[in-house]
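Enquirer: heads up, no residue letters with this:
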């Protein structure tokens, strides 16, 4: 106890009064503290409240107390003005008043590629209580269950059972190299390489999710400083959570051929009707628009050309897509006239369109969206091989100083543009149209451009062009999604030549983004109908081909 008092005195003395002697009573200085029960409790509280340091407000700190002295007893003794604690029954101890601060979901985290997507609440309780030893008993792989938690005290209370497992400081490192590991932690404590399992079919953080912890501020009754502290902490919570943006990213959208015929027969909304509910709750909806929106222009001499009238964009607008990338190999299928019509049509529809423009400067200019105070910049580039049959030169689309075209991707251009975008936004996303069609793995150009993006400061890289799902690489802990495949796209002879028709496997990738970058990824599986090319959400056994492909290719990128 004496060492703790000296440590706290030293910290607070430096912060407030410039120091104190070992034999001085530290009460006046320690009164400016908030107490928590343990170091793990401090880490968990900071993850919820969003504090970058232990300082909660000027002159007030959040510090642990000795394990043999509870936080509430510290407050009652007058050695802390208030305590951050959890009171699941809502009852205040004698002499103390409780103010609820925040309720947060507890995620049940496994490695991103783990071959299980959800548990029942009873199964989660059995895991936490040590009553089940193998994932196979729960429908997962034949691996022993290795249980850990950030702040196990809070986990045990939430699950109403004693926690049996290991204490860890952070989710992602705790999962690395441990295929059977499961970590219980507040959802704000994880990173993109960790996957939160659904509980009773509900995703962590959604309404009705059953695993939560309620934080409260406990202070002495009548102490006027307590509500001031509560408001300060609540403001931090609002600031932190208010700056989180939800992005739904999908693959290629093509509105001609069979899709165009379906639109003519059933209306522009038809390709998006089945998937629209899956997109609810997102702030940014981003796709690659692989078609010229025009009724003019001369058809380019290429292997494939696509175009559709401006009326076809009504479906994208109705489905809430507010960003489409244009740096791809089809934006100039009908020449400069077709590109200019596409730009105008998207502008009229209110859909942002990075990656193409009336000049090189416009094509390389980021789209910057402001959502709840978070500025998100999106850049788009293309670098694909020349056409195999027609010999069409892909870089002929490149925008010039005064010439319309697309942003051609080179490492130098990507590094320059990302660095510039970081001065305009809190988070930068790079969309790359590159790779080999129908390939399971990224090619050297994809990887070079993706690494250049991350090295320059991008928080997320999204890929297109292969027309099939490719794996996700966590390079410097930044997700590189090499290809999201197709989203709205019909089937042609090239597709039919691929064993198993992998171009029909698709997904919505839901990305949660904060000022610190990508916080979580969630895969929402889809299958594309062959005849009219529209995506259909799938569940249960029908999801396995999508998950299995994506996870196996992700593991291959990590050398597993």
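Expert: That came in fine, so what should we check first? Owing to the predicted nature of the structure, the values given are computational and were not obtained by experimental measurement.
Enquirer: isn't residue 327 right next to residue 357, touching?
Expert: No - using CB atoms under 8 Å as the test, residue 327 is too far from residue 357 to be in contact (9.9 Å). C-betas here are computed from N, CA, C, even on glycine.
Enquirer: residues shared between the contacts of the two?
Expert: Common neighbours of residue 327 and residue 357, counting by CB atoms under 8 Å, 6 or more residues apart in numbering, are residue 363.
Enquirer: the more surrounded of the two?
Expert: Neighbours per residue (other CB atoms under 10 Å) separate residue 327 from residue 357, with residue 327 holding more: 31 against 22.
Enquirer: so what's that one closest to, chain neighbours aside?
Expert: Using CB to CB, 6 or more residues apart in numbering and skipping residues adjacent in sequence, the residue nearest residue 327 is residue 355, 3.0 Å away.
Enquirer: Next, report how far stretch 368-387 is displaced from the centre of its chain.
Expert: From the chain centre to the centre of stretch 368-387 is a distance of 16 Å (CA atoms, centre = their mean, to the nearest Å).
Enquirer: try stretch 471-482
Expert: The answer for stretch 471-482 is 12 Å, by CA atoms, centre = their mean.
Enquirer: tell me the contacts of the residue nearest to residue 327?
Expert: Neighbouring residues of residue 355 by CB under 8 Å, 6+ apart: 325-328, 331, 363, 379-382, 406-407, 431, 433.
Enquirer: go with 7 Å
Expert: For residue 355, the contact set (CB atoms under 7 Å, 6 or more residues apart in numbering) comprises 325, 326, 327, 363, 380, 381, 406, 407, 431.
Enquirer: Which residues are in contact with the fifth one?
Expert: Neighbour list for residue 380: 325, 326, 327, 354, 355, 407, 431 [criterion: CB under 7 Å, 6+ apart].
Enquirer: try the last one
Expert: The neighbours of residue 431, taking CB under 7 Å, 6+ apart as the test, are 288, 325, 355, 378, 379, 380, 462.
Enquirer: For the nearest residue in space to residue 257 that is not next to it in sequence, grab phi and psi.
Expert: Closest residue to residue 257 apart from its sequence neighbours, by CB to CB, 6+ apart: residue 490 at 5.3 Å. Note on residue 490: backbone dihedrals following degrees, to the nearest 10 are phi -90, psi 180.
Enquirer: Quickly note the distance from residue 490 to residue 344.
Expert: In this view, residue 490 and residue 344 are 26 Å apart by CB to CB, to the nearest Å.
Enquirer: cool, and residue 466?
Expert: Residue 466 is 30 Å from residue 344, by CB to CB.
Enquirer: Equivalent analysis for residue 113, please.
Expert: Distance, residue 113 to residue 344, using CB to CB: 43 Å.
Enquirer: same thing with residue 47?
Expert: 46 Å.
Enquirer: The two: who's more crowded?
Expert: residue 47 (21 against 13).
Enquirer: surely the more buried one meets residue 191?
Expert: No - judged on CB atoms under 7 Å, residue 47 makes no contact with residue 191 at a distance of 11.6 Å.
Enquirer: doesn't residue 259 make contact with the residue nearest to residue 257?
Expert: Yes - assessed by CB under 7 Å, residue 490 is found in contact with residue 259 at 5.4 Å.
Enquirer: what do the two both touch?
Expert: Common contact partners of residue 490 and residue 259 (CB under 7 Å, 6+ apart): 532, 533.
Enquirer: before we move on, back to that, got TSV for the contacts of residue 380, with pLDDT, secondary structure and distance to residue 340 too?
Expert: As requested, the contacts of residue 380 are exported to TSV (pLDDT from 0 to 100; DSSP: H, G, I helix; E, B strand; the rest coil; distance: CB to CB, whole Å):
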residue	pLDDT	secondary structure	distance to residue 340
325	98	strand	17
326	98	coil	12
327	98	coil	16
354	98	coil	16
355	98	coil	15
407	98	coil	16
431	99	strand	21
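Enquirer: List just the nearest of those to residue 109.
Expert: For those, the residue nearest residue 109 by CB to CB is residue 431; the value is 27.9 Å.
Enquirer: burial measure for the nearest residue to residue 41 once chain neighbours are set aside, as a count.
Expert: Closest residue to residue 41 apart from its sequence neighbours, by CB to CB, 6+ apart: residue 151 at 5.7 Å. Here the count is done by other CB under 10 Å, and residue 151 has 30 residues near it.
Enquirer: Report the separation between residue 151 and residue 125.
Expert: Noted for residue 151: a distance of 17 Å to residue 125, by CB to CB.
Enquirer: do residue 210 as well
Expert: From residue 210 to residue 125 the distance is 10 Å (CB to CB).
Enquirer: Now that residue 146 has come up, it's in contact with residue 179, right?
Expert: No - using CB under 7 Å, residue 146 is not in contact with residue 179, being 8.9 Å away.
Enquirer: Any chance of TSV for the contacts of residue 431, columns distance to residue 280?
Expert: Putting those into TSV (distance: CB to CB, whole Å) gives the following:
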residue	distance to residue 280
288	22
325	22
355	27
378	21
379	27
380	25
462	21
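Enquirer: show me where pLDDT drops low in the stretch 451-560 of the chain?
Expert: Along the stretch 451-560 of the chain, the model assigns pLDDT under 70 to no residue.
Enquirer: quick one, helices of it?
Expert: With DSSP state H, counting those that start in this stretch as the criterion, the stretch 451-560 of the chain has helices at 493-496, 544-557.
Enquirer: List the buried residues for the helix ranked longest in the chain?
Expert: As assigned by DSSP state H, the longest helix anywhere in the chain is helix 225-242. Residues of helix 225-242 classed as buried: 226, 229, 230, 233, 234, 236, 237, 240 (neighbour count, 16 or more other CB atoms under 10 Å).
Enquirer: Closest one of these to residue 129?
Expert: residue 237 (30.2 Å).
Enquirer: on that earlier part again, report the contact partners of the residue nearest to residue 257.
Expert: Per CB under 7 Å, 6+ apart, neighbours of residue 490: 257, 258, 259, 532, 533.
Enquirer: and what of residue 472?
Expert: 479, 480, 481, 554.
Enquirer: Might one say that the third one is in contact with residue 507?
Expert: No - contact status for residue 481 versus residue 507: not in contact, 9.9 Å apart, counting by CB under 7 Å.
Enquirer: For those two, list the residues in contact with both.
Expert: By CB under 7 Å, 6+ apart, no residue touches both residue 481 and residue 507.
Enquirer: Residue 393 - how many residues pack around it?
Expert: The local packing of residue 393 (other CB under 10 Å) involves 11 other residues.
Enquirer: Remind me which helix or strand the closest residue to residue 62 other than its chain neighbours belongs to.
Expert: Closest residue to residue 62 apart from its sequence neighbours, by CB to CB, 6+ apart: residue 34 at 4.8 Å. Using DSSP states H and E, residue 34 sits within strand 33-36.
Enquirer: angle of the helix or strand following that strand against helix 225-242?
Expert: Heading C-terminal from strand 33-36, the first helix or strand you meet, by DSSP H and E, is helix 39-49. Angle, helix 39-49 to helix 225-242, by axes from the mean of the first three to the mean of the last three CA atoms, to 10 degrees: 60 degrees.
Enquirer: quick one: buried residues of helix 39-49?
Expert: Those would be 40, 41, 42, 43, 44, 45, 46, 47, 48, 49, for helix 39-49 by 16+ other CB under 10 Å.
Enquirer: Just send those back as TSV, with pLDDT too.
Expert: Below are the buried residues of helix 39-49 laid out as TSV (pLDDT from 0 to 100):
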residue	pLDDT
40	69
41	74
42	75
43	71
44	73
45	76
46	74
47	72
48	74
49	75
